[in-house]
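1. build me a model from this:
(chains A, B and C)
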Amino acid sequence: MPEPLTLHPDRLFPADPATREIARELYARVADLPIISPHGHVPVQWLADDTPFTDPTTLLLTPDHYTNRLLHSVAGVELEDLGVPVGSPMSPEKSREAFRIFCSNWKVFRGTQVQFWFESQFVDVFGIDVRPSAETADRIYDQILERLGTDEYKPRALYKRFNIDFLATTDDPCDDLAGHQQLVDDPTWDSRVVPTFRPDKYLEPARAGWVELTKQLGEAAGVEIGSYADHVEAMRIRRRYFVDHGAVSSDHSHRDARCERLADAEAERLFARALAGEITVDEGDALRAHMVNEQARLAVEDGLVMTLHPAVYRNHDTATFERYGADVGGDVPLPVEFAASLQPILSAYGNADGFQLVVFTMDETVYSRELAPLAGWYRGMYIGAPWWFIDENDAMMRFRRATTGYGTLHKGSGFIDDTRAFCSIPARHDAARRVDSAYLAGLVAEHRLSLDEAAETAVELVTTQPKRAFKL
Amino acid sequence: MPEPLTLHPDRLFPADPATREIARELYARVADLPIISPHGHVPVQWLADDTPFTDPTTLLLTPDHYTNRLLHSVAGVELEDLGVPVGSPMSPEKSREAFRIFCSNWKVFRGTQVQFWFESQFVDVFGIDVRPSAETADRIYDQILERLGTDEYKPRALYKRFNIDFLATTDDPCDDLAGHQQLVDDPTWDSRVVPTFRPDKYLEPARAGWVELTKQLGEAAGVEIGSYADHVEAMRIRRRYFVDHGAVSSDHSHRDARCERLADAEAERLFARALAGEITVDEGDALRAHMVNEQARLAVEDGLVMTLHPAVYRNHDTATFERYGADVGGDVPLPVEFAASLQPILSAYGNADGFQLVVFTMDETVYSRELAPLAGWYRGMYIGAPWWFIDENDAMMRFRRATTGYGTLHKGSGFIDDTRAFCSIPARHDAARRVDSAYLAGLVAEHRLSLDEAAETAVELVTTQPKRAFKL
Amino acid sequence: MPEPLTLHPDRLFPADPATREIARELYARVADLPIISPHGHVPVQWLADDTPFTDPTTLLLTPDHYTNRLLHSVAGVELEDLGVPVGSPMSPEKSREAFRIFCSNWKVFRGTQVQFWFESQFVDVFGIDVRPSAETADRIYDQILERLGTDEYKPRALYKRFNIDFLATTDDPCDDLAGHQQLVDDPTWDSRVVPTFRPDKYLEPARAGWVELTKQLGEAAGVEIGSYADHVEAMRIRRRYFVDHGAVSSDHSHRDARCERLADAEAERLFARALAGEITVDEGDALRAHMVNEQARLAVEDGLVMTLHPAVYRNHDTATFERYGADVGGDVPLPVEFAASLQPILSAYGNADGFQLVVFTMDETVYSRELAPLAGWYRGMYIGAPWWFIDENDAMMRFRRATTGYGTLHKGSGFIDDTRAFCSIPARHDAARRVDSAYLAGLVAEHRLSLDEAAETAVELVTTQPKRAFKL
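-> Numbers count the residues shown, from 1 in each chain, chains lettered A, B, ... in the order given. Next comes the predicted model:
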């Protein structure tokens, strides 16, 4: 007999009976509220075209580097056996075999968020009732496969069933946003799915390929880019294009959080060297910092919220990168520093009308030391929720404990799922709501907050807070 | 009907019933013990002159940057509407209006120490029984205003009522300490209020104004300062003056914890360049490090405890600094490093008779990594309690959990309120006592400490510990 | 009447009754499992010769810098009064007096792991039933002294009684490993005690004495070392010698985790400068990084697991070092960085067959930021358990909470006692098992793991996990 798979109604709640009872009461207020997802990686075309998903593996496993990296590290699985890179040919046999690998190594995910997410979506989305294992792999696979063939499991039907109220995708500045336009033009679609302006690679002038990218940017903007001023103008035009297509934010992920401005002439000089392919790495970093500063300045003009996701050592494992490309699980967080790095844009724009900066970290040391103190002073500064590696339960709890005392319960981004694993979105938001309910229940149990204050706060954390941080 | 405001007797205690019962028992031993406050910012003149406080706003709000910064950031309040900078003209109408702003935005402080402190002082000091809100603002204001007009609310009466046993102020090395002398000379005053020697700005030779400050220092000391040796002599004299007026410590807050010595000739050379206004920023930092080392050397002579509060990015928001000046809420902690930085003075004086160094941090990462290991070796090294941004409940608990295991339960400074918010002093110490009771109760509940050991420790943390760390 | 000393069966278990009950159940599965100790400092000669221990002080106090440093710092004890350095003449009177000092200052250890370890070994190993104090010192001393004179307390008897299944010592690359051979050759000894290859000082070419050490290394290997290639060959030979004598790992502790390779010619050039005594500190660091990289390369060949214990400021207190030598308590952890530092060996060998790297830290900030993400990608990368200063209860719990969510519950080293305090080994492993049981019980209580998953995991943490990490 396989082990049954069920979801305990009290999961993630504190063990203490009195605190748990309060957590239940708080959670009941938020469990069914709509999902606001202002930053993520779901392909817009899924919703635009509403094509049925083909099979469990390409939907649930292949694009999910959280899952793949642990199978690679702990179980010794090869990425190609999981269908990586995304888009690799995937026969029915290979899909089924990949799913068997996943289920057979279920133990690998013990105590991780991946376990929570899969258990939740298996039970709640696909009606699975047995624990994944070598024995149950085919049974689970078949059940999911069968459901994916029904209308109730097409992308738009799931979107509605997941109760998503707002979804942002992540897009290249040169993207024509046709998928988004398709949704806007579709009278049968009534939810808000918006693009996000993500210009990272256009802001790295010392990287290979930047000259060509700059040319493409110019073409997309209708600007011949021969100077730094032209580059700014092209960025202004493309940002405006995104605003016109519903975008609410721009997203930025560089190796550090530097954003100091250069003198105009120096910016032009470095830009010319970059166009000529002569810029050094250090000069490239300086010009990149200036360009990030420029994005903040443009944000004051066009109102896009600016989000920062810095300090990742991308493609740490060279051989894997060369074989499978980026975003397959080989990225590692780096230490980050914000107080000095962000001073140029915070001091210049941090209290300016309409400017909003949401700062994310995977370096938990900055929560109480830098992020909460900065967000507790600058009006436009918001603290990004635990992100990527740290969106697991204990880390989310540490986030609350490390920032609330500094007055930033009201200065958060709201939960950010940041995912391309579409079917895990409800589980991810559910985990955050459970952890926040548990956290607030603790404050009530310790008589640090009254129950009515906690209940109001719990609701705000999933409604007014993300709406304010992202200007929805 | 406004919401009532009451203080639950178990606030900040753990939810688990058995642990809570132990916490109650431990807290009962310390709740009413006198307050020792060896580092703070209460103006001595309040006690020397015993002039009644004029109004709720200038007493409770204007000088409190904890409160003001959150009103600024979260509620969008302008500092000037709160009476900032301290000493601004404050009409009765403006005072009342500022208090309304505060009460109307009460929600901003949810889950913060500011909430705890205000609830405590509102109930315990002023007898308020309604929760702050737009509706209750005037009622609370009037009640406090009325009380401030009575003899029971004059500074000395409150000092006695607060059960303060020892209070240190923070003072400029050139200060004549007349207020302290006034108290000493007053036969009706019998408590110990002492100055603290705070020479920061005299030790920053590359900062604007340093030459003039050096002149003033020389005048105060009766030394014509033409060389570094003269500077040391002037410092020795002024430190002695402070010792003679009761001081027990000197306090030092620079951007980092550097304290390496220079060769004598190099110190003289840099000092000459500084006097000539020619010193560079790097040279200034090197000379400053040397001067901090000199303060340690002088401490071995005169016995003043040396306290370090390093690593703050002061006046991060340039526009606010230019408009309102320093200390209004725009300071941000920086990462700090102690093991290498402090090696010069610890290796030289750390086990010397009479030398005591109390090191504070807002960078929690150094607790287990550097501070506890250093304090667990050097006899003269003490760990400063959670300070400034991190004197909130969860952070205080993290402090205990991150340092006790390394044997430094006995090497702490005792709680440091570090405040100019006079009426919050009892609440601040009460919070620390509650958190420590909760922490120790957890050790007892987990059978890591016996109840008698915990009870003795709880008492020592508020009696012998601060007395030993500050040589009282 | 002296206070009794007893061990509560629930010590270190959570206070919440339901969680505690689960912890008890999990602990029952692991409490009596054999001890695997793959890294430590017990002298092999104790077991080889099986000579009775002479007295309580030289066995329990003198070699234990955890204990001595707190007596030095908090109680002001002189190290020489505790018999430091190890091997100092120790009369019966001095031994007894040292033990009195220890017992009289028992309070110093309140809330520390030292308290837990001593309480456990006093009760479980020596049958002591009174709390240490000035009054009970002689009684405890006499009881231990008496037992040490019996056959049941000889080293081999204790080893058996402690249920140790595997023990690694730490050894110089030039050591002939005669003690280990003696055990192998002894038909009456049937347990596995193996050496560990610790080449640190041979890899620091800018340190005083390195030229002489290199000569000794050459002699031990039978290689005349005139070039870097010779040095590699000598290392290869000595590593092989250790493998042939049972070694399973090499251990490396330098000031940082650098390991970038040099070009071959550059390595030879720097090596020549080092042999000539002309290498600079920076060059020495570069060559050392290269040599550490070489150890990883050799590990791919010979299969020794590589363990890293970096980032300690050794002998921070210069005067103490000059008087008492190294390893007496004056070492302090430093901040460490792994993601960039370890990239050269991880990217090159991290997924290579047979290569295993176990990385230890005392800088807790790297757990979630760098170590768990790296171990969650690279197959050969394992996270070292909390080590040295951070092997106390709260820190061990933080370790689990900071790494499990990232999928590294299965990528740990298992508990590492790292001790020369032989009689504390059972207590150290017991503490780790209790903390892990408490941690896993919390996951079960919060419905994050089922009881059967937790029970299986608890057992694996002390059986298959260390066996896999150290290839046993």
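
2. closest residue of the stretch 351-472 of chain A to chain B?
-> Using Cβ to the nearest Cβ, the single residue of the stretch 351-472 of chain A nearest to chain B is residue A:405, 3.2 Å away. Heads up, the C-betas are built off the backbone N, CA and C, glycines and all.

3. from chain C, how far out is that residue?
-> 19 Å (Cβ to the nearest Cβ, to the nearest Å).

4. any idea how far that residue lies from residue B:420?
-> 20 Å (Cβ to Cβ, to the nearest Å).

5. of those two, who's got more company?
-> residue A:405 (26 against 19; other Cβ atoms under 10 Å in any protein chain shown).

6. what sits against that one?
-> With contact taken as Cβ atoms under 8 Å, 6 or more residues apart in numbering or on different chains, residue A:405 is in contact with A:368, A:372, B:111-113, B:392-395.

7. residue A:179: which of the residues you listed is nearest?
-> residue A:372 (37.5 Å; Cβ to Cβ).

8. picking that back up, which of the contacts of residue A:405 fall in helices?
-> Judged by DSSP state H, the contacts of residue A:405 include A:372, B:113, B:393-395 as members of helices.

9. identify the farthest-apart pair in those.
-> Spatial extent of those (Cβ to Cβ) is set by the pair A:372 and B:393 at 14.4 Å.

10. quick one: terminal-to-terminal distance for stretch A:190-199?
-> 28 Å (Cα to Cα, to the nearest Å).

11. in it, which residues are buried?
-> A:192-199 (16 or more other Cβ atoms under 10 Å in any protein chain shown).

12. counting neighbours, what do you get for whatever residue of the stretch 351-472 of chain A ends up closest to chain C?
-> Residue nearest to chain C within the stretch 351-472 of chain A: residue A:392 (3.2 Å; Cβ to the nearest Cβ). Other residues near residue A:392 number 26, with proximity taken as other Cβ under 10 Å.

13. that one and residue B:111, how far apart?
-> 22 Å.

14. same question, residue A:338
-> Taking Cβ to Cβ, one finds residue A:338 at 22 Å from residue B:111.

15. what is the helix or strand harbouring residue A:358 packed up against?
-> Under the criterion of DSSP states H and E, residue A:358 resides in strand A:357-359. Here strand A:357-359 touches strand A:305-308, helix A:343-349, strand A:381-383, going by 3 or more Cβ pairs under 8 Å, 6 or more residues apart in numbering or on different chains; DSSP states H and E.

16. so which of these is nearest chain B?
-> The nearest among the helices and strands packed on strand A:357-359, by Cβ to the nearest Cβ, is helix A:343-349 at 4.7 Å.

17. pull the residues that contact that closest one.
-> Residues outside helix A:343-349 that contact it (Cβ under 8 Å, 6+ apart) are A:259-261, A:292-293, A:296-297, A:299-300, A:355, A:357, A:374, A:378, A:380-381, B:313, B:316-319.

18. check stretch A:112-127 too.
-> Residues from elsewhere that reach stretch A:112-127 (Cβ under 8 Å, 6+ apart): A:5-7, A:11-12, A:60, A:66-67, A:70, A:109, A:128-129, A:132, A:140, A:143-144, A:147, A:158, A:391-393, A:421, A:423-424, A:426-428, A:430-431, C:404-407, C:409, C:448.

19. just the buried residues from those, in ChimeraX please.
-> To isolate the buried ones among those in ChimeraX, judged by 16+ other Cβ under 10 Å, type:
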select /A:5,11,12,60,66,67,70,109,128,132,140,143,144,147,158,391,392,393,421,423,424,426,427,428,430,431 /C:404,405,406,407,409,448
